[in-house]
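> Provide a 3D model corresponding to the input given below.
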Amino acid sequence: MDIRVRQRFGVGATSAVLAFAIAGCGGGGGGTMTPQTSPSSSPSGGGSSISLAPTSLSFNGSGSTLAQSATITKSGTTTFTEQDTCAPSSGTIATVFISGTTVTVTPVAAGTCIVTVSGNGSTAALPVTVTTTSGGVN
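Have a look, this model is predicted:
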């Protein structure tokens, strides 16, 4: 269509036809566009949050024999990951291992840290406190 108009009417007519076609495509004047969402737009897995049991871990001492676990629950999710602040540059407070729906924390040295568990768009924090007492003879 564009080539035919140019051949019969010249460049000026082509510009006018193009301007008319572009003006007809717009939504017309200063309104705002509203994104359309589906009626039930929840995250996969039902939109439920992650639950941890227990909700925090406290240790009085260090070593593998004192390791504790927390159970992770989220409807429809069985794969979880973790990030933690348990190994700062000042020294490791605890080691963290996640397997399936269990996160296991082993105390290493006195301090506090946070283990953040993620799964299917949700996260939950597990505070960890490690205290150690030096045993001495009085």
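> pull the contacting residues for S49.
The contact partners of S49, by CB atoms under 8 Å, 6 or more residues apart in numbering, come to 74, 122, 124. Placement of C-beta: from N, CA and C, glycine included.
> from L66, how far off is the first one?
As defined by CB to CB, to the nearest Å, K74 lies at a distance of 27 Å from L66.
> could I get the contacts of S49 as CSV with pLDDT?
Output for those, formatted as CSV (pLDDT from 0 to 100):
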residue, pLDDT
K74, 93
S122, 94
A124, 97
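> from these, which land in helices?
When helices are assigned by DSSP state H, not one member of the contacts of S49 lies inside them.
> write the ChimeraX selection for whichever of those residues are buried.
Selection of buried members from the contacts of S49 for ChimeraX, criterion 16 or more other CB atoms under 10 Å:
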select :74,122,124
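> out of the contacts of S49, which comes closest to T92?
Among the contacts of S49, A124 lies closest to T92 (CB to CB), at 22.4 Å.
> okay, the contacts of S49 in JSON lines with distance to S56 next?
Below are the contacts of S49 laid out as JSON lines (distance: CB to CB, whole Å):
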{"residue": "K74", "distance to S56": "18"}
{"residue": "S122", "distance to S56": "18"}
{"residue": "A124", "distance to S56": "11"}
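> which one of the contacts of S49 sits closest to S58?
A124 (17.4 Å).
> neighbours of G63, how many?
For G63, the tally of surrounding residues (other CB atoms under 10 Å) stands at 11.
> returning to that earlier point: closest to D84 among the contacts of S49?
A124 (12.5 Å).
> residue contacts, E82?
96, 98, 103, 115-118.
> report how many residues lie close to the closest residue to Q83 other than its chain neighbours.
Once flanking residues are discounted, Q83 sits nearest to T116: 5.0 Å by CB to CB, 6 or more residues apart in numbering. Counted by other CB under 10 Å, the residues lying close to T116 total 14.
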